[in-house]
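J.: Sharing a model that was predicted from the sequence below.
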Amino acid sequence: CRSPHPSDDASALAMIQKRVCKRDVEAIYQLGNQYFHGGLGFTNDVPRAIELWTEAAELGSVDAHRDLGVVHYNGDDVQQDKPRGVRHWQQ
């Protein structure tokens, strides 16, 4: 049985945070996306997004590895590190 989709940002954030507390890899990755893109009322916070994506990658998220690869390879709001970006893509 699935929960209904939240109808507002506060409800969506509460649902994601509840799942993050349970170490749900997809929720950790999605919370990182919200920080990166400034969604759900967050201001853009790339360092926090990278922390969350790193945690999700360590838990096995290929999507987090992809996004970490992109930001490091391109130098998006971080020091460009192409080898590090490639290493994430190879994970």
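T.: Done, it's in. Numbering: from 1, shown residues only.

J.: any idea how far stretch 9-17 is from the chain center?
T.: 15 Å (CA atoms, centre = their mean, to the nearest Å).

J.: which residues touch it?
T.: With contact meaning CB atoms under 8 Å, 6 or more residues apart in numbering, stretch 9-17 is reached by 3, 5-6, 27, 30-31, 34, 39-41. All C-beta atoms are positioned from the backbone trio N, CA, C, and that covers glycine.

J.: How about the secondary structure of the residue positioned nearest the centre of the chain?
T.: What sits nearest the mean C-alpha location of the chain, by CA atoms, centre = their mean, is residue 32, with 2.6 Å. Following DSSP: H, G, I helix; E, B strand; the rest coil, the label given to residue 32 is helix.

J.: got any ranges where this protein has weak pLDDT?
T.: 1-3 (pLDDT under 70).

J.: May I see the buried residues of stretch 72-80?
T.: Applying a neighbour-count criterion of 16 or more other CB atoms under 10 Å, one finds 72-73 buried in stretch 72-80.

J.: Which residue, other than its chain neighbours, is closest to residue 38?
T.: Counting by CB to CB, 6 or more residues apart in numbering, residue 38 lies nearest to residue 44, which is 4.1 Å off, once chain neighbours are set aside.

J.: my bad, residue 60
T.: Closest residue to residue 60 apart from its sequence neighbours, by CB to CB, 6+ apart: residue 25 at 6.1 Å.

J.: My guess is the one you found contacts residue 56. True?
T.: Yes. In this structure, residue 25 is within contact of residue 56 by CB atoms under 8 Å, at 5.3 Å.

J.: So these two - more neighbours on which side?
T.: residue 56 (28 against 18; other CB atoms under 10 Å).

J.: For residue 7, see how far away the more buried one is.
T.: Using CB to CB, to the nearest Å, residue 56 is found at 26 Å from residue 7.

J.: With residue 47 instead?
T.: For residue 47, the distance to residue 7 equals 31 Å [CB to CB].

J.: circling back to that earlier point, point me to the helix or strand that includes the residue nearest to residue 38.
T.: In this assignment (DSSP states H and E), residue 44 forms part of neither any helix nor any strand.
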